[in-house]
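*Asks:* quick one, structure for this:
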Amino acid sequence: MSDTTTPESSIGVLVVEDEAVAARAHAKYIDRIDGYHLAGVAKNATQAMAALTGKIYGLDADCINLVLLDMNLPDGHGLQVCRAIRGHRVDVDIIAVTAARDMQIVQEALSYGVAQYIIKPFTFPVFKSKLEAYSSFRDSLGGDSSEGEVTQTDVDTAIAALRTHTVAATAKGVPDAVQTEVKSVLGDQPGQSAAEVAVGLGVSRVTARRYLEAMADAGMLARRPRYGAAGRPVLEYTVVTDDA
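*Replies:* Now for the predicted structure:
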């Protein structure tokens, strides 16, 4: 269900993601969560900072409240974006949405005030739970207002709101929207390799293979070796149908 509130009263989200299929999936997810709207999409660190500092025509930086930030960007690391955001004193919160699992990266991200850390791949329920927890966190601290005083209970309630329960994932966490796109690509031409699917999705071969393997492990796809030129056989994938 799409959000029925006006952009002025909802949380504006800037998606910072260089992979087109992931950016589209995030945008679709945002549209399904009440109280949120998509403020814009940045494909790299440079575009992200331009958007946040009001240097992109037609995009109001004041309408951005939250940044969904990938850590692996083509022109810099997500931690550099975090550092720049804090250095420019841009009044936004950050949720990392990334495949980066290195403990040092997580620790440094948290030191820059990253509110949530969502590890790819993930499902819509996981994504929704994190954003709803963030909404509760904002509400418990007065939303956009910075006036007034808080009690210890207010602070404890706000911090507790960010602690979400673990949500069970399907297909090892591949987002529903991505699953649909993978099936669509394979439906056009069954028996494609990870490299071929990557072209159809507009992502890297490594990312495509991660999606394909997760869906195959969940029984959604069938994999088989393709023999051809000398060397190791290439795995190709086909959608498993109900009558298969």
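*Asks:* now the helices: where do they sit in the chain?
*Replies:* In the chain, the helices defined using DSSP state H lie at 20-31, 45-52, 78-87, 103-111, 124-140, 152-161, 176-188, 194-201, 205-217.
*Asks:* run the angle between the longest one and helix 152-161 for me.
*Replies:* What it means is helix 124-140. Here helix 124-140 points in a direction 170 degrees away from that of helix 152-161 (axes from the mean of the first three to the mean of the last three Cα atoms, to 10 degrees).
*Asks:* equivalent analysis for the second one, please.
*Replies:* Orientation note: helix 45-52 sits at an angle of 140 degrees relative to helix 152-161 (the same axes, to 10 degrees).
*Asks:* mean pLDDT for the helices of the chain: which is lowest?
*Replies:* When the helices of the chain are compared on mean pLDDT, helix 152-161 scores lowest, with a mean of 77.
*Asks:* which residues touch that one?
*Replies:* If you take Cβ atoms under 8 Å, 6 or more residues apart in numbering as the criterion, helix 152-161 is touched by 133, 136-137, 140-141. Every residue, glycine included, has its C-beta placed from N, CA and C.
*Asks:* residues touching residue 207, list them.
*Replies:* When contacts are counted by Cβ under 8 Å, 6+ apart, residue 207 touches 19, 22, 99, 198, 201.
*Asks:* adding distance to residue 58 as columns, could you present those in TSV?
*Replies:* Conversion of the contacts of residue 207 to TSV gives the following (distance: Cβ to Cβ, whole Å):
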residue	distance to residue 58
19	24
22	23
99	31
198	32
201	28
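*Asks:* just the buried residues of these.
*Replies:* In terms of neighbour count (16 or more other Cβ atoms under 10 Å), the buried residues within those are 19, 22, 198, 201.
*Asks:* may I ask which two of the residues you listed are separated the most?
*Replies:* Taking Cβ to Cβ as the measure, the buried ones among the contacts of residue 207 span a maximum distance of 12.6 Å, between 22 and 198.
*Asks:* can you list the domains in the chain?
*Replies:* Structurally, the chain divides into domains by automatic domain parsing as follows: 7-168, 173-239.
*Asks:* number of residues surrounding the nearest residue to residue 54 once chain neighbours are set aside?
*Replies:* Nearest-residue entry for residue 54: residue 61, 4.0 Å, with adjacent residues in sequence omitted and distances by Cβ to Cβ, 6 or more residues apart in numbering. Using other Cβ atoms under 10 Å, residue 61 is surrounded by 19 other residues.
*Asks:* my read is that residue 61 contacts residue 49, right?
*Replies:* No. With contact defined as Cβ atoms under 8 Å, residue 61 and residue 49 do not form a contacting pair (10.2 Å).
*Asks:* quick revisit: next, format the contacts of helix 152-161 as TSV and append neighbour count and distance to residue 26.
*Replies:* Formatted as TSV, the entries for those read as follows, by neighbours: other Cβ atoms under 10 Å; distance: Cβ to Cβ, whole Å:
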residue	neighbour count	distance to residue 26
133	19	17
136	16	20
137	19	20
140	19	25
141	17	25
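*Asks:* can you lay out those as CSV showing distance to residue 90?
*Replies:* Below are the contacts of helix 152-161 laid out as CSV (distance: Cβ to Cβ, whole Å):
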residue, distance to residue 90
133, 22
136, 23
137, 18
140, 22
141, 18
